[in-house]
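Novice: Here is a sequence with its predicted model. Questions after.
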Amino acid sequence: MDNRAIGIFDSGVGGLTVLKEYQKLLPHENYIYFGDTARLPYGSKSKETICNFSKQIVEFLINQNVKLIVIACGTASAMAYNTLQKEFSIPIIDIISPTAKQIKDDNIGVIATKATIKSNSWEEEIHKYSPNTHVTSLACPLFVPLVEEGFATSEITPLVVKKYLSYFHEIPISSLILGCTHYPILENVIQDELGKEIKLINPGTYSAIYAKEYLMQNKLLHSQSSDGNIIFYSSDNEEYFKNIAETFFPIHNYEIHMEQMKA
Ligand code: DGL
């Protein structure tokens, strides 16, 4: 048993889609969530910058005495996971490798930020386990600002989604990985655009399955039988974080603090 919290981070509110999956599978765990809203978006930044931001956040979470760190950001998973693993001894789980290990499909689409797509991480990781899978990748850079501006249910969102995803009408895919953690917030609009026959894959689910196995195997689960607590940190105005998060996550039930990071 290990009653310390699980640390989890993203550039903003997108990682809450991962936290939701963790809560479903590991409801008795306590969580400390960090949203780096002051420095979002990560998806248009260099690898060096994303690694530096991620390292600072990992150090912050380690100082909060967490037992495990979850990179709930597709871009940081693609750009910083290897570096973080080398530099820190605390266990770190990303969203790409647990998903790539589990999915089996001949034709997979991946949508994510520009930085993630450019890194080719999804394709490389999928091919480690399924070398014959055909992977088609597409960056959808406007999806993150739509979510962060609170436009997920606005009438402009289906237009933007159509503009990007009509690309897949010509390409035979049977499943689509939502490779940026903000994208599951647009899941219904994406599904409407692509049609029900295409399966949408939320990598947060696979990350949570992997984490549960890891905690069980290493006897690190929390001992409580009641629901765990969450403490939120945001690197910019916590009201902003709260207002956007509240549209899809019941954040009013929990403590939220502002924690500024060095630029
Ligand atoms: N949720 C982050 C991701 O998964 C958003 C990236 C960004 O900040 O641009 O990639």
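Specialist: Everything's here; your move.

Novice: residues from the stretch 1-150 of the chain in reach of the ligand?
Specialist: 10-12, 14, 40-43, 73-75, 113, 116, 144 (Cβ under 6 Å from any ligand atom). Bear in mind the C-beta positions are built from the backbone N, C-alpha and C, glycine included.

Novice: Now for Ser89, how many residues are close by?
Specialist: 7 (other Cβ atoms under 10 Å).

Novice: and what of the one 5 residues further on?
Specialist: Neighbour count of Asp94, defined by other Cβ under 10 Å: 26.

Novice: roughly how far apart are it and Leu215?
Specialist: Note on Asp94: its distance to Leu215, by Cβ to Cβ, to the nearest Å, is 16 Å.

Novice: Could you pull out the strands in this protein for me?
Specialist: Here the chain has its strands, by DSSP state E, at 6-10, 31-35, 68-71, 92-93, 107-112, 134-139, 175-178, 199-201, 230-234, 255-258.

Novice: between the ones you listed, which one is nearest to Asn188?
Specialist: Nearest to Asn188, of all the strands of the chain, is strand 199-201, at 9.7 Å by Cβ to Cβ.

Novice: which residues touch the closest one?
Specialist: 99, 103, 105, 174-178, 184, 187, 190-191, 194 (Cβ atoms under 8 Å, 6 or more residues apart in numbering).

Novice: about what we covered before: using TSV, lay out the strands of the chain together with mean neighbour count and mean pLDDT.
Specialist: Formatted as TSV, these follow (neighbours: other Cβ atoms under 10 Å; pLDDT from 0 to 100):
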stretch	mean neighbour count	mean pLDDT
strand 6-10	27	98
strand 31-35	25	98
strand 68-71	26	98
strand 92-93	21	98
strand 107-112	25	98
strand 134-139	18	98
strand 175-178	24	98
strand 199-201	18	98
strand 230-234	22	97
strand 255-258	14	93
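
Novice: State the phi and psi torsions of the residue with the largest distance to the centre of the chain.
Specialist: The outermost residue of the chain relative to its centre, with distances by Cα atoms, centre = their mean, is Glu170 at 27.7 Å. Taking degrees, to the nearest 10, you get phi -90, psi -10 for the backbone angles of Glu170.

Novice: I'd like to know how far it sits from the ligand.
Specialist: 25 Å (Cβ to the nearest ligand atom, to the nearest Å).

Novice: For the lowest-mean-pLDDT helix or strand in the chain, C-alpha coordinates in PDB please.
Specialist: Sorted by mean pLDDT, DSSP states H and E, the helices and strands of the chain end with helix 238-245, the least confident at a mean of 90. Provided in PDB are the C-alpha atoms of helix 238-245 (Å, rounded to 0.1, in the frame of the first residue of the first chain):
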ATOM      1  CA  GLU A 238      -7.400  29.700 -11.200                       C
ATOM      2  CA  GLU A 239     -10.800  31.300 -12.000                       C
ATOM      3  CA  TYR A 240     -10.000  30.900 -15.700                       C
ATOM      4  CA  PHE A 241      -9.000  27.200 -15.200                       C
ATOM      5  CA  LYS A 242     -12.100  26.600 -13.100                       C
ATOM      6  CA  ASN A 243     -14.600  28.100 -15.600                       C
ATOM      7  CA  ILE A 244     -13.300  26.100 -18.500                       C
ATOM      8  CA  ALA A 245     -12.900  22.900 -16.500                       C
END
